[in-house]
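Asks: fold the following.
(2 chains, ligands or ions: 2)
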Amino acid sequence: MLEIKNLHVKLEEEDKAILKGVDLALQAGTVHAIMGPNGSGKSTLSYVLSGRDGYEVTEGSASLEGADILEMEPEERAAAGLFLAFQYPVEIPGVGNMTFLRTALNSQRKARGQDEMSAADFLKLIREKAKTLKIDADMLKRPVNVGFSGGEKKRNEILQMAVLEPKMCVLDETDSGLDVDAMKLVAEGVNALRDAGRSFLVITHYQRLLDHIKPDVVHIMADGRIVKTGGPELALEVEANGYADILAEVA
Amino acid sequence: MNVVLQKKQSAAEARLGAMALPQSAAWMMSAREDALARLRAMGLPSGRDEYWKYTRPDSLTKAEPDPAAIFHSDEPRLFGQIDRLKIVFVDGAFDAEASDDLEMAGIEIHRLADISATDIHWSRDLFELYGTLEARGQSPVERPLAALNTAYATDGIVIRATGKAAKPVSLIYLHNSETSDAILHHVIRVESGAELTVLENGPAAARFNKVMEVDIADGGAFNHVRAQGRDHERRAVTHTFARLGEESVFKSFTLTANGVMTRNEAVIELTGDNAVAHVAGAAVGDGDFHHDDTVFITHDAAGCESRQVFKKVLRNGATGVFQGKILVKPDAQKTDGYQISQSLLLDEDSQFLAKPELEIYADDVACSHGSTSGAIDETALFYLRSRGIPTADAQDLLVLAFLAEAIEEIESEEIAADILSRLQGWLARRR
Ligand SMILES: Nc1ncnc2c1ncn2[C@@H]1O[C@H](COP(=O)(O)OP(=O)(O)OP(=O)(O)O)[C@@H](O)[C@H]1O
Ligand SMILES: [Mg+2]
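Replies: Ligands and ions are numbered 1, 2, ... in the order given. As a prediction, the model looks like this:
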């Protein structure tokens, strides 16, 4: 599904290397988790994958189902099936949540040569998805993320994911700021989407989310590299002992 | 006598030399002569005037208008789906063929040219309104081009709303001659408890000078939505003078897309307690587009609300101007005044010049104002694109989002949808 090879990334504006050779391969239908200390480059990886400005790839590659995504515009990556649930979802005053989602869905469909979804079908779809995530009608009508609480913003990200049905979902700390019940809702939202044709890359600091979304593989990122890869037990180890042992071991 | 004033006065004399007052009945003639005297005393506006600091008046004051090419579009006509009373002016001349009969339940309506020729009419009061609000509006700031309008207007519409108007009155200003110079003057009286909506659209002429005087009695309601023509080279100076009685409502929205010169002045007096006045504008333009909103709202009664919402989207070196003032007189306690003027600059060549002013003499008031100027929010743009929305669509979404607060001032959803489609058309032509 997603294959990242020896990815080196620096900031465009200054000579600061952030990713220093990331290697990662996700098979279709799998869930991988990335953990790692603050500032190790997890969000940067997610931004580079989704095509945000400000970063320069100096070496390496990233492909989605064999297609080089680093050459694509952000909207092309989305249409190709990549989705990033942002660590800090953006507020967009004046753009209604519904309008936004419908425009996004139909843009992607158009880019893939599919027919646009009718307003009625869309309404049905979004109502159903919103209900399972306990997002009320009022939130759908409001401008994108404006005045949403931290937890509501994260649930809104998962709603977008549920509606857009991407193949490759990158979740950047979707669990942070969520209360226990909201975390369960989000995890259920993710689990409902788990499918043989879909993969997840879940960035998190806490084992708790991984209790609900069971990962197949856990990676530890430190200083711009994947320094250790293992099974779910790796997350438990981090939870119990922090990163010191792991970092010492690979140093 | 000071030299600047002398220059302005001789400019006025030079301009007026070639103009004759339109033939009218005696009552109208005296209103025109009074206006002419006001104009002679003030002279024409000059680039040295504080009030014309950001907008050069020359092209509006000189004898011959600059020619303006005619804009053609195959978009559906604005307000085409709205049931309305259509009144058409072509280059400032009334077009009887294209207009509906001047008859509608809830209002009395006449052409200014008709009533100004006779001395016997249904409302002597209304005759006397001609030029009255314009004259009041000359202080504390002079508006010579409005006085010029009162003196020389060739036609216009005079409406007295006595009940709830059955449908909107829709003034359509067509532009067929590249060198036309049109002066129209409308007078509207909304009687106690009456309701009226006036729509205006079209470029009107190569150069258009329009005055609209709106007198709203206690409990009356007046709604106004206009879209100024998209002919890029057209020039317009418009003045809206409104006086509001107790618990009356005045709401006005203007869309301006294109136009090398637009100066829209709104002069609003809240004279009865608990009156409400909203003026809003959305302006979009590129290149040598120059758009000026100049607003003066006077609170002269208690418990009134006023709201100014002006948004401009500027590209490729376009210029936007906002001069907005809220004057709160000593007895206007419990005034609620809000003013916002914002520009979205789509490149570094465009500029927005804003002069918001508050002058408050009452102590128990809530007034706020803000003015900002900024570029497209790149973070928001990326967020939209990351969801699959192509850059151009995402940018348009953000532009419309920026304008939303102004468009929300339009009461009718149907009319707002029409205005929105005009904006979408403008954006689409710039792809
Ligand atoms: N645009 C930028 N300008 C300056 N520094 C940046 C920028 N983007 C990332 N960095 C730096 O790169 C490093 C990695 O940041 P990143 O946000 O990817 O970390 P992270 O692993 O997601 O951390 P956290 O767990 O706190 O979310 C940090 O040192 C950060 O300050
Ligand atoms: Mg991060």
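Asks: only C-alpha atoms from now on, for both contacts and neighbour counts.
Replies: Will do.
Asks: contacts for stretch B:352-360 next, please.
Replies: The contact list for stretch B:352-360 (C-alpha atoms under 8 Å, 6 or more residues apart in numbering or on different chains) reads B:54, B:319-330, B:341, B:343, B:369-371, B:373.
Asks: no no, stretch A:85-103
Replies: Contact with stretch A:85-103 is made by A:43, A:122, A:139-146, A:153-154, A:157-158, A:160-161, A:163, A:169-174, B:379-380, B:383-384, B:389, B:397-398, B:400-402, B:404-405, as judged by C-alpha under 8 Å, 6+ apart.
Asks: filter those residues down to the ones near ligand 1?
Replies: For ligand 1, the contacts drawn from the contacts of stretch A:85-103 by C-alpha under 6 Å from any ligand atom are residue A:43.
Asks: next up, the contacts around residue B:397.
Replies: By C-alpha under 8 Å, 6+ apart, the neighbours of residue B:397 are residue A:95.
Asks: quick one, grab the pLDDT at it.
Replies: Per-residue confidence at residue B:397 stands at 95 (pLDDT).
Asks: buried sites along the helix or strand hosting it?
Replies: If you go by DSSP states H and E, residue B:397 is part of helix B:391-407. Using 16 or more other C-alpha atoms under 10 Å in any protein chain shown as the test for burial, helix B:391-407 gives B:391, B:393-407.
Asks: can you give me the strands in the stretch 51-200 of chain A?
Replies: Here the stretch 51-200 of chain A has its strands, by DSSP state E, counting those that start in this stretch, at A:55-64, A:67-68, A:82-85, A:92-96, A:143-144, A:168-172, A:199-203.
Asks: residue with max distance from the center of chain B?
Replies: No residue in chain B sits farther from the centre than residue B:386, which is 40.4 Å out by C-alpha atoms, centre = their mean.
Asks: what about that residue, distance to residue B:37?
Replies: 63 Å (C-alpha to C-alpha, to the nearest Å).
Asks: and what of residue A:187?
Replies: 78 Å.
Asks: more neighbours: the two, which one.
Replies: Legend: neighbour count by other C-alpha atoms under 10 Å in any protein chain shown for residue A:187 and residue B:37, higher for residue A:187 (22 against 15).
Asks: was I right to think that one contacts residue A:214?
Replies: No: applying C-alpha atoms under 8 Å, one finds residue A:187 not in contact with residue A:214, separated by 9.5 Å.
Asks: could I get the pLDDT score of residue A:208?
Replies: For residue A:208, pLDDT reads 85.
Asks: find the centremost residue of chain B, please.
Replies: By C-alpha atoms, centre = their mean, the mean C-alpha position of chain B lies nearest to residue B:264, the distance being 4.6 Å.
Asks: quick check, it in a strand?
Replies: Yes: Residue B:264 forms part of a strand when assessed by DSSP: H, G, I helix; E, B strand; the rest coil.
Asks: contact partners for it?
Replies: Per C-alpha under 8 Å, 6+ apart, neighbours of residue B:264: B:236-240, B:292-294.
Asks: what pLDDT does it get?
Replies: 98.
Asks: so which residues on the stretch 101-250 of chain B come close to chain A?
Replies: Within the stretch 101-250 of chain B, no position is adjacent to chain A by C-alpha under 8 Å from any C-alpha of the partner chain.
Asks: for the stretch 101-250 of chain B, which residue gets nearest to chain A?
Replies: Of all residues in the stretch 101-250 of chain B, the one sitting closest to chain A is residue B:225 (21.0 Å; C-alpha to the nearest C-alpha).
Asks: before we move on, what about the stretch 1-150 of chain B?
Replies: Nearest residue of the stretch 1-150 of chain B to chain A: residue B:81, at 21.9 Å (C-alpha to the nearest C-alpha).
Asks: need the contact list for that residue.
Replies: By C-alpha under 8 Å, 6+ apart, residue B:81 has no neighbours at all.
Asks: where does residue B:291 sit: helix, strand or coil?
Replies: Residue B:291 - assigned by three-state DSSP - is strand.
Asks: show me what it bridges to in the sheet.
Replies: For residue B:291, the beta-bridge partners are residue B:262, residue B:320 (DSSP bridges).
Asks: swap in residue B:343?
Replies: residue B:312, residue B:373.
Asks: so it touches residue B:309, yeah?
Replies: No: using C-alpha under 8 Å, residue B:343 makes no contact with residue B:309, being 11.3 Å away.
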